[in-house]
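Colleague: I need the structure of the sequence given here:
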Amino acid sequence: MVLVIGGGVSGLMTAWILLDKGYRVTIVAEEWRQRGDKSPDKKADRMTSQIAGALWEYPPGGCGLSEIEVPVLAYSTLAQYRTWALQSFLFYKLLAENDSLVAEKNRFGARMITLYQFFQKLPAPPPSEDQNPQGERTQEADPEWKKAKNAIKYGPNDFNIQWGYRHQAPVVDTDVAMEFLMNRVRDKGATLETRHIREDLHLQERELMDDFKADIIVNASGLGAKVLASDNQVFPVRGAVRRMTLDNNDNAALDGMDLVLLPAQYDTRNQPGKTVFIVPRNEKTTVVGSIIQRNNWDLALTLESPEVEDMWKRAHGLVPALQTRKPSARPLAQGLRPFSHSNVRVSADNRTASCRVVHNYGHGGSGWTLAVGCAWTCVTIVERMLHRAEAGSVANANVWGLGGHRGAD
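Modeller: Next up, the predicted model:
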């Protein structure tokens with residue numbers, strides 16, 4: 001039996017794969033997918049996986065590696081991020097195709113839409129046809145392209161956009177997808193328990209395994225890994241999004257609006273530039289971001305907060321048609337992205353030879369982009385650890401070459 005700690009997208013995806021492979025699974029979490037609207041000025045809100053923008057981005061994305069250091073000794077490399085992301089891409093693409101064929105109650109909530117990603121300077125090579133299905137790069141000096149899109153307006157004095165590329169990208173309606181994932185793992189036999197685990201797993205591993213009759217533990221606790229893995233490299237990046245609703249009468253004004261992303265970029269003084277994040281979540285709701293504030297644990301933003309007002313000004317400055325949309329019933333959502341200075345960690349914890357803990361955390365603002373690929377890697381490590389344990393061997397993720405670049409794991 002596998003004990004999974006964490007009820008977000010990483011924990012549920014990992015549980016789904018484990019269940020399909022025939023394992024018994026218990027998922028323990030402090031919070032789960034919320035239903036119904038809550039006041040935006042209350043601290044209690046939907047969980048991070050639910051309020052996320054949930055736009056698939058080719059790494060490094062606008063909410064991924066661009067906000068963190070990339071040390072030589074990291075748990076994972078950019079190449080590994082891209083492998084995980086492309087595995088997730090294919091999975092979401094398949095689910096998006098399936099959603100068009102099934103009843104609404106059985107849908108995952110994914111769809112494919114064109115992403116236009118802009119840059120103020122030439123970035124690392126963007127997706128090409130052999131890296132990302134239907135990838136295409138375009139120099140953003142083409143006036144015909146601007147005229148065709150019509151909604152995109154910018155100038156050198158505002159955003160200084162010089163480069164861009166476009167490709168088909170999955171976007172996930174997280175309210176729908178999180179409910180789908182919870183129902184799916186329940187239907188497959190998982191047990192879900194609400195519980196707050198407060199200490200380093202290294203200190204309570206045996207107790208937890210005895211309590212849940214578990215053979216191994218998966219730590220997919222997000223920011224909780226700061227305590228559960230005793231990892232001081234984990235830190236929050238506060239973010240918020242405005243949610244806008246499209247009225248039936250507004251269709252003409254926003255006809256052809258696609259995903260638009262201007263990621264965080266750093267100028268010659270190493271200061272972050274302007275960021276714009278516009279995602280049509282579904283036929284009615286558009287999500288607008290982004291706020292990036294490191295090490296800020298306070299979830300007290302309101303629509304009148306200066307950073308929220310500035311975020312909205314940037315977004316409709318780039319896409320003026322946004323102003324025709326109206327605030328949704330829950331106009332502001334905020335949360336804490338679970339970053340790590342050492343990048344995503346998917347590896348065995350080998351602080352002791354007998355340790356039976358596998359970690360899957362540190363996804364930052366790329367949780368949905370990386371979730372499927374990370375889950376597959378995590379399950380592979382779990383299976384090999386269990387197999388080696390049955391054979392009387394000591395489990396060590398380094399032997400298998402999985403879980404990252406960093407030698408400690």
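Colleague: for the rest of this, base every contact and every neighbour count on C-alpha atoms.
Modeller: OK.
Colleague: distance of residue 94 relative to residue 223?
Modeller: 30 Å (C-alpha to C-alpha, to the nearest Å).
Colleague: now do residue 371
Modeller: Distance, residue 371 to residue 223, by C-alpha to C-alpha: 15 Å.
Colleague: more crowded one of the two?
Modeller: Comparing residue 371 with residue 223 by other C-alpha atoms under 10 Å, the one with more neighbours is residue 371, at 24 against 21.
Colleague: correct me if wrong: the more buried one contacts residue 9.
Modeller: Yes. Judged on C-alpha atoms under 8 Å, residue 371 makes contact with residue 9 at a distance of 6.6 Å.
Colleague: max-length strand in this protein?
Modeller: In the chain, with assignment by DSSP state E, the single longest strand is strand 326-340.
Colleague: that strand: how far from the chain's middle?
Modeller: The gap between where strand 326-340 is centred and where its chain is centred comes out at 13 Å by C-alpha atoms, centre = their mean, to the nearest Å.
Colleague: buried residues in it, which are they?
Modeller: Along strand 326-340, the positions that meet the burial threshold by neighbour count (16 or more other C-alpha atoms under 10 Å) are 326, 328, 331-340.
Colleague: can you list the strands that it pairs with?
Modeller: Strand 326-340 sits in its sheet next to strand 234-245 (antiparallel), going by DSSP bridges.
Colleague: would you mind writing the CA trace of the partner strand as PDB?
Modeller: Written as PDB, here are the backbone C-alpha positions of strand 234-245 (Å, rounded to 0.1, in the frame of the first residue of the first chain):
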ATOM      1  CA  VAL A 234      11.500  25.500  -0.500                       C
ATOM      2  CA  PHE A 235       9.800  28.900  -0.500                       C
ATOM      3  CA  PRO A 236       6.500  30.500  -1.600                       C
ATOM      4  CA  VAL A 237       5.900  32.900  -4.500                       C
ATOM      5  CA  ARG A 238       2.700  34.700  -3.900                       C
ATOM      6  CA  GLY A 239       0.400  35.100  -6.900                       C
ATOM      7  CA  ALA A 240      -3.100  36.200  -7.700                       C
ATOM      8  CA  VAL A 241      -5.400  36.200 -10.800                       C
ATOM      9  CA  ARG A 242      -8.400  38.200 -11.700                       C
ATOM     10  CA  ARG A 243     -11.300  36.200 -13.100                       C
ATOM     11  CA  MET A 244     -13.400  37.800 -15.900                       C
ATOM     12  CA  THR A 245     -16.700  36.600 -17.300                       C
END
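Colleague: what about it, average pLDDT?
Modeller: Across strand 234-245, the average pLDDT comes to 90.
Colleague: after it, next one along is what?
Modeller: Downstream of strand 234-245, the first helix or strand assigned by DSSP states H and E is strand 259-262.
Colleague: off-centre distance for that next one?
Modeller: For strand 259-262, the distance to the chain centre is 16 Å (C-alpha atoms, centre = their mean).
Colleague: ok, stretch 365-379 next?
Modeller: Shown here is stretch 365-379, whose average C-alpha point lies 8 Å from the average C-alpha point of the whole chain (C-alpha atoms, centre = their mean).
Colleague: give me the mean pLDDT for it.
Modeller: 94.
Colleague: check stretch 108-124 too.
Modeller: Mean per-residue pLDDT for stretch 108-124: 77.
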